[in-house]
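>>> sequence plus the predicted model coming up.
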Amino acid sequence: MPVPEELLSQLRRFPDVEAPNLFAVDGADRLILDEAAAALLAAEPGTVAVIGDRYGALTLGAVAGFGVLEPRVHQDPLTGEQALAANAARAGLAQSYRACPLDADLLAGATVVLMQLPRGLAELEEIAEAIARYADPDVVVFAGGRVKHLSVAMNEVLARSFVDVHASLGRQKARVLVARGTRPVPATPGYPRRERLAELDLEVLAHGAAFAGTKLDIGTRFLLDHLPRMAPDAATAVDLGCGTGILAVSLAKARPGLSVIATDQSAAAVASAAATAHANGVGDRVTALRDDAMATLADASADLIVCNPPFHVGAAVHTGGALSMFRAAGRVLSPGGELWTVYNSHLGYKGPLRSSVGPTEQIARNSKFTVSRSVRGA
């Protein structure tokens with residue numbers, strides 16, 4: 001059976017950022033499906049797992065093109081889940097798959113795994129270990145990506161969990177790594193990782209897909225320098241795009257009366273932030289929430305928002321995500337509430353911050369970053 005090109009050509013990225021240089025399907029999706037064709041055709045119902053499917057090409061391609069029944073799917077970004085759901089509904093395949101966390105619910109009994117390779121080695125390591133831990137011992141993994149984003153280190157990471165790892169022939173600037181033969185795994189999962197940041201007196205826990213891992217991002221460090229000045233009378237705060245929750249937990253530790261929401265669209269980030277909050281004794285005042293740009297938070301419900309926004313969408317440099325976060329901050333902040341942002345200075349966000357939130361001033365600037373304060377008008 002061929003890859004269903006008619007279906008794939010109709011897929012959209014929405015609600016993720018859409019732009020002429022951003023695509024819902026690429027050559028890696030098609031090559032993964034082609035390389036896995038025989039395995040997919042032979043798979044029993046409920047034995048195919050899909051990981052990292054960005055907008056539904058792998059899941060819906062397997063169902064529509066190869067007759068796969070009851071695939072289980074894990075997508076770290078919430079927007080990926082939403083895009084898959086919307087694309088499936090348009091194709092009449094809304095009930096054809098099941099969304100799962102990255103655990104036994106996703107992988108128990110799986111004999112075939114389709115995967116878009118993540119950019120980070122830590123994320124790949126956590127995924128590979130989970131497959132080896134929970135899937136059928138005879139599982140075959142088809143993990144693909146654009147050649148320019150692949151590295152020999154990815155083969156090495158997969159080889160820690162699988163006996164045989166080899167690469168397919170390249171096509172349309174994409175390649176697939178095929179892994180089989182699971183190795184024994186440690187009794188205790190390797191993630192989340194834990195590290196103490198002495199300079200902040202903070203324990204940080206991080207799953208593989210969480211931005212910066214257990215390290216302190218230099219932009220976050222610069223923003224933390226100004227924590228004492230941030231809306232000192234605030235009762236409620238949001239760490240928007242929280243990552244591992246360092247900003248949220250630092251605020252909660254510094255201000256015992258403050259209630260903080262740590263929110264991110266990444267499942268790994270939210271799990272990491274929750275673990276970091278509990279490890280530092282503020283789990284009762286830091287709520288970890290998986291959400292897309294605070295979509296589920298009420299208008300005028302936060303006195304303070306802190307944000308270290310992304311400057312890329314996937315592998316593409318794009319400011320759409322940050323601009324969406326600024327617009328959301330303008331809605332969620334209460335009158336007089338403050339948004340404190342750190343960003344790469346060359347991006348020139350002062351204008352968008354002013355139009356989305358309110359009067360904006362530069363608080364600090366170094367060789368790379370700018371910290372700004374925006375105040376919501378009445």
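Cool, got the structure.

>>> domain parsing for the chain?
Under automatic domain parsing, the residue ranges defining each domain of the chain are 5-182, 193-375.

>>> mind putting those in JSON lines, mean pLDDT and mean neighbour count included?
For every residue, glycine as well, the C-beta is placed using N, CA and C. Written out in JSON lines, the entries for those read as follows (pLDDT from 0 to 100; neighbours: other Cβ atoms under 10 Å):
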{"stretch": "domain 5-182", "mean pLDDT": "96", "mean neighbour count": "19"}
{"stretch": "domain 193-375", "mean pLDDT": "94", "mean neighbour count": "20"}
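
>>> all helices for the stretch 101-250 of the chain, in order.
104-107, 121-134, 152-159, 218-224, 246-254 (DSSP state H, counting those that start in this stretch).

>>> who wins for proximity to residue 115 among those?
Comparing those by their distance to residue 115 (Cβ to Cβ), the top pick is helix 121-134, with 7.1 Å.

>>> for the closest one, packing partners?
helix 104-107, helix 152-159, strand 174-182 (3 or more Cβ pairs under 8 Å, 6 or more residues apart in numbering; DSSP states H and E).

>>> adding distance to residue 56, write these out as a markdown table.
Putting those into a markdown table (distance: least, Cβ to Cβ, whole Å) gives the following:
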| stretch | distance to residue 56 |
| --- | --- |
| helix 104-107 | 16 |
| helix 152-159 | 24 |
| strand 174-182 | 18 |
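
>>> quick check: which of these is nearest to residue 242?
With respect to residue 242, and counting by Cβ to Cβ, the nearest of these is helix 104-107 at 23.7 Å.

>>> circling back to that earlier point, distance to residue 305 added to the helices of the stretch 101-250 of the chain, as JSON lines?
Conversion of the helices of the stretch 101-250 of the chain to JSON lines gives the following (distance: least, Cβ to Cβ, whole Å):
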{"stretch": "helix 104-107", "distance to residue 305": "33"}
{"stretch": "helix 121-134", "distance to residue 305": "27"}
{"stretch": "helix 152-159", "distance to residue 305": "36"}
{"stretch": "helix 218-224", "distance to residue 305": "12"}
{"stretch": "helix 246-254", "distance to residue 305": "10"}
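
>>> do you know which of these lies nearest residue 172?
Distance to residue 172, taken as Cβ to Cβ, is lowest for helix 152-159 among those, at 18.8 Å.

>>> between helix 121-134 and the closest one, find me the angle.
With axes from the mean of the first three to the mean of the last three Cα atoms, to 10 degrees applied, the angle from helix 152-159 to helix 121-134 works out at 20 degrees.

>>> pull the distance from helix 152-159 to the chain's centre.
Relative to its parent chain, helix 152-159 has a centroid offset of 21 Å by Cα atoms, centre = their mean, to the nearest Å.

>>> right, I'll leave it there.
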